[in-house]
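Engineer: next input, structure requested:
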Amino acid sequence: MPHSGRTPLLMVVGLLLLTGLVYAPTLGLGFVWDDNALVIDYGDVLADPARLLASLTTDLWSAGDDHIVDSGYYRPLMLVSLAVDRLLFGLDAWGYHLHSVLWHLLSLVLLFSLLRKLLGDMPALMGAALFALHPVHAEAVIWIAARNDLIAAALVLFVLVLLQPLRVGWLQLAAATALTAAAVLGKESALLLPLMVLVLDRAQGYGLRWGPLLATGVGVGAALGLRAVSGVGAGELPLLATAIFFVQKLPSLVVLHLSLLALPWPLSGARSLEWMSVSVPVVLLGVGVLAGGATVTVRMKGAPRRFALAGVALALLGFAPALLPLATKGLVGERYLYLPMAGVSLWFAAAAASWPRPVRLAAVGAVLGGGTLINLRIPDWSDDLSLWTAAMQDTPNPYVFSGLGHTLNRDDGWGDRPRSAALFIAALEATPPMLDACGAVITATLHSGQPARAAAVAPWSLERGCPWDGDYTGRASVAQAFAGDWAAARATLAAGAPDPRKRDLVVRAALMRLDGDEEGYTALRATWPDGALLDAQVERLLRSHPDVPGPG
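Structural biologist: I've put the predicted structure just below:
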């Protein structure tokens, strides 16, 4: 389609400046949620080239202290980008946020270039503006830990732009292969890139072009091969019951995402598939978006209609790889819409190509209004407390109860142990219970100054489905000891597995003192890294109930 003759450079520069201004406040934010694990906890890895190189051939979460070895996430490019940040900015969060915004701006330029080639200047500007300022992108751009979505999308768009000419040379094909591999190493959302190339080829009336398909296919294969050699699996695969549950939730998931395209508010970083429910207005809005989009598409003719259908196909291909983590992890995030929004933007640009000027102006006004919603959302990401508090207001559910509970259970200035304990109890009272609150509910209740209640909460948590593992043994026996119920503590220790954090040994040592078993206590103390610290911990337990006789 011929270009309109307007100066595309000025269009792009103006849109870049506007988008940069909208996201400029993110430079004042800190590290939030998984940022702390990837940036703070991985600090030594990111700063050490040898350890970083080793981590590039492992599961994303295996490099940290938790050593999760089968999350199913293989994101070496993400770690490289964070290592660059660490080198340039240390632990100054503004630099990390700037880096993420730059990826978003790069995607904006590449998408404009693609749309301009397909539809002309003005439709391209409208489609790119929708992508740049749609509030549903706020999570991906603001949250450093979601940068992999930005990386993958930018590289996918780079490949699509690179392969647009009908005839491409071998240098372009080689570059497309390398960029495709890099996109998949950024995030698995790029896995279906060869099909995206095919969709755009069909929309433009090209015949079957084996070169681009082979180049992108080899790139995907290379990334998957590196993943296989690194021993990173697919993560936890859904069992039949999980798959059935996911299929049951799929209609709600679809209408939720459709509604967010038209009314992206409230935006929450903490929706959970397991407790997700959609209101009647959301259902009606989602169905309305689907029906309205289908009606507009059917009424289109010629090239705009082909490109609109191609946009829908690109959106579906970009979202499809997210179905597995949605089914297994159950966390619903707006970041999954980042790459699909490129397809939505193509549909929007194709539709806008035939709109009269007043309608275009109204659409532009609505798109620009998205920047206001983004600015309203940015303060929510100031820190963990503001994020979980906003999620509590937006979409209260047991997952959010637990997340806010863990935030309030910390030893920093946010500590509010009574409220934290109440939130953990609410999370476990839900159906199904949020088992991430297990253990923490005991400790939070104890630290809120309620040892007897903590001792009672422990067996109740087992009734709610919490496992009796070593962590439970340690927390429950400590709570029972502080409550003065030494018989219960003794029974818990006798029946439970050893606590990896050795809290159970402190209670055993206290029982030895109560029993007068100084020989046993001395032997246990000899195995402790710091005997004086063990003495202090035991004395603290005994002082809490000095009049309680030792059980015989």
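Engineer: how far away is the most centrally placed residue in the chain from residue 515?
Structural biologist: With distances taken as CA atoms, centre = their mean, residue 146 lies nearest the centre of the chain, 5.9 Å away. Separation of residue 146 from residue 515 (CB to CB, to the nearest Å): 54 Å. Bear in mind the C-beta positions are built from the backbone N, C-alpha and C, glycine included.
Engineer: check residue 507 too.
Structural biologist: In terms of CB to CB, residue 507 sits 12 Å off from residue 515.
Engineer: which one of the two is surrounded by more residues?
Structural biologist: residue 507 (27 against 15; other CB atoms under 10 Å).
Engineer: now the more buried one. Nearest residue, chain neighbours left out?
Structural biologist: residue 477 (4.3 Å; CB to CB, 6 or more residues apart in numbering).
Engineer: surely that neighbour is within a helix?
Structural biologist: Yes - under DSSP: H, G, I helix; E, B strand; the rest coil, residue 477 sits within a helix.
Engineer: so what's it up against?
Structural biologist: 489, 492, 493, 496, 503, 504, 507 (CB atoms under 8 Å, 6 or more residues apart in numbering).
Engineer: follow-up on the earlier one: surely the residue nearest to the centre of the chain meets residue 335?
Structural biologist: Yes - between residue 146 and residue 335 there is a contact under CB atoms under 8 Å: 4.4 Å.
Engineer: which residues are common contacts for those two?
Structural biologist: By CB under 8 Å, 6+ apart, the residues touching both residue 146 and residue 335 are 139, 140.
Engineer: what's the following helix or strand after the host helix or strand of residue 524?
Structural biologist: Per DSSP states H and E: residue 524 is located in helix 518-526. As assigned by DSSP H and E, the chain's next helix or strand after helix 518-526 is helix 531-543.
Engineer: just the residues contacting that following helix, thanks.
Structural biologist: Residues contacting helix 531-543 (CB under 8 Å, 6+ apart): 478, 481, 482, 506, 507, 509, 510, 513, 514, 524, 525, 528.
Engineer: if we go to 7 Å?
Structural biologist: With contact meaning CB atoms under 7 Å, 6 or more residues apart in numbering, helix 531-543 is reached by 481, 482, 506, 509, 510, 513, 525, 528.
Engineer: next one: stretch 394-412
Structural biologist: 266, 268, 270-272, 275, 384-385, 388-389, 391-392, 414-417, 419-420, 423-424, 426-427, 430, 434, 436-437, 440, 444.
Engineer: same question, stretch 487-496
Structural biologist: So stretch 487-496 is contacted by 455, 468, 470, 472-473, 476-477, 480-481, 504, 507-508, 511, 551 (CB under 7 Å, 6+ apart).
Engineer: what's the answer for stretch 442-461, then?
Structural biologist: By CB under 7 Å, 6+ apart, stretch 442-461 touches 405, 409, 417-418, 420-421, 424, 428, 438, 441, 475-476, 479-480, 482-483, 485, 488.
Engineer: hey, which helix or strand in this protein has the poorest pLDDT?
Structural biologist: When each helix and strand of the chain is scored by mean pLDDT, DSSP states H and E, helix 43-47 comes last, with a mean of 75.
Engineer: for that one, enumerate the helices and strands it packs against.
Structural biologist: helix 49-55, helix 76-89 (3 or more CB pairs under 7 Å, 6 or more residues apart in numbering; DSSP states H and E).
Engineer: buried set for the helix holding residue 524?
Structural biologist: 521, 524, 525 (16 or more other CB atoms under 10 Å).
Engineer: nearest residue to the second one other than its sequence neighbours?
Structural biologist: This points to residue 524. Here the residue nearest residue 524, using CB to CB, 6+ apart, is residue 509, at 5.3 Å.
Engineer: what's the strand or helix carrying that neighbour packed up against?
Structural biologist: Element membership for residue 509, per DSSP H and E: helix 503-515. Where contact means 3+ CB pairs under 7 Å, 6+ apart, helix 503-515 is packed against helix 470-482, helix 486-495, helix 518-526, helix 531-543.
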